[in-house]
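Q: missing the sequence, but the structure's below:
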């Protein structure tokens, strides 16, 4: 084991094969390599897609190999096609962008039709998007911005509760080295 982990170092780097059932229409696979988040989307009608908020970071080929290794039902010759999504406006927002695209594939009836530039150019969109992520993680309520368009405002009382929750989690991680 390594310090702060109950798993053997070797076991943490192994990935077990996984087989989707026939009922799955969309499978989202977040992927992080070299501090950059991207997203693979396995969609029955559209195929195997790859979203990268940086345009093309080099994660695509690594992700393609990982998918072929872990999902044996996908043909080895299947290549990732580029999925549409927002381009990140800075060096640190790739995770927010990948979450947004994953969210769109969960909630939008036709995510391949979204005008990402128009959506992300709404004044203050990304700070509001991050607030919605925090709200959903802390309350368990998931708000569909594609049916209501606007991200809900959070009362001062709710903001304090969310901040206290996040601070308590951070303190637990800092003292124990574990998220749970």
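A: Structure's in. What do you need? Here the structure is a predicted model, which means the values were calculated and not measured. Numbers count the residues shown, from 1 in each chain.
Q: and residue 109, how far from residue 86?
A: Here the distance between residue 109 and residue 86 works out to 19 Å (CB to CB, to the nearest Å). (C-beta placed from N, C-alpha, C; glycine too.)
Q: what do you get for residue 67?
A: Distance of residue 67 to residue 86, given as CB to CB: 23 Å.
Q: same question, residue 50
A: Applying CB to CB, the value for residue 50 to residue 86 is 15 Å.
Q: and the helix or strand that contains residue 146, what's its mean pLDDT?
A: Following DSSP states H and E, one finds residue 146 within helix 145-148. Averaging pLDDT along helix 145-148 yields 76.
Q: same for it, what does it pack against?
A: Where contact means 3 or more CB pairs under 8 Å, 6 or more residues apart in numbering; DSSP states H and E, helix 145-148 is packed against helix 94-107.
Q: after the helix it packs on comes which helix or strand?
A: Moving toward the C-terminus from helix 94-107, the next helix or strand (DSSP H and E) is helix 116-120.
Q: downstream neighbour of that next one in the secondary structure list?
A: From helix 116-120 onward toward the C-terminus, using DSSP H and E, the following helix or strand is helix 125-139.
Q: report the angle between that following helix and helix 94-107.
A: On the basis of axes from the mean of the first three to the mean of the last three CA atoms, to 10 degrees, helix 125-139 is oriented at 70 degrees to helix 94-107.
Q: just give me how far helix 125-139 sits from the chain centre.
A: 13 Å (CA atoms, centre = their mean, to the nearest Å).
Q: residue 89 and residue 97: what is the separation?
A: Counting by CB to CB, the gap from residue 89 to residue 97 is 9 Å.
Q: looking at those two, which is more packed in?
A: Taking residue 89 and residue 97 together and counting by other CB atoms under 10 Å, residue 97 has the greater number of neighbours (25 against 13).
Q: can you show me the strands along the chain?
A: Across the chain, reading from the start of the chain, the strands by DSSP state E fall at 26-33, 36-43, 47-51, 81-82.
Q: which one of these lies nearest to residue 176?
A: strand 26-33 (23.0 Å; CB to CB).
Q: thinking again about what came up before, neighbour count: residue 67 and residue 86, which is higher?
A: When residue 67 and residue 86 are compared for neighbours, residue 86 comes out ahead with 23 against 19, by other CB under 10 Å.
Q: surely that one and residue 116 touch.
A: Yes - at 4.4 Å, residue 86 counts as touching residue 116 under the criterion of CB atoms under 8 Å.
Q: residue 51 reaches residue 98, doesn't it?
A: Yes - counting by CB under 8 Å, residue 51 sits close enough to residue 98 to count as a contact (6.8 Å).
Q: which secondary element of the protein has the worst mean pLDDT?
A: Within the chain, confidence by mean pLDDT, DSSP states H and E is lowest for helix 9-12 among all helices and strands, at a mean of 49.
Q: looking at it, residue 96 is touching residue 128, isn't it?
A: No - judged on CB under 8 Å, residue 96 makes no contact with residue 128 at a distance of 10.9 Å.
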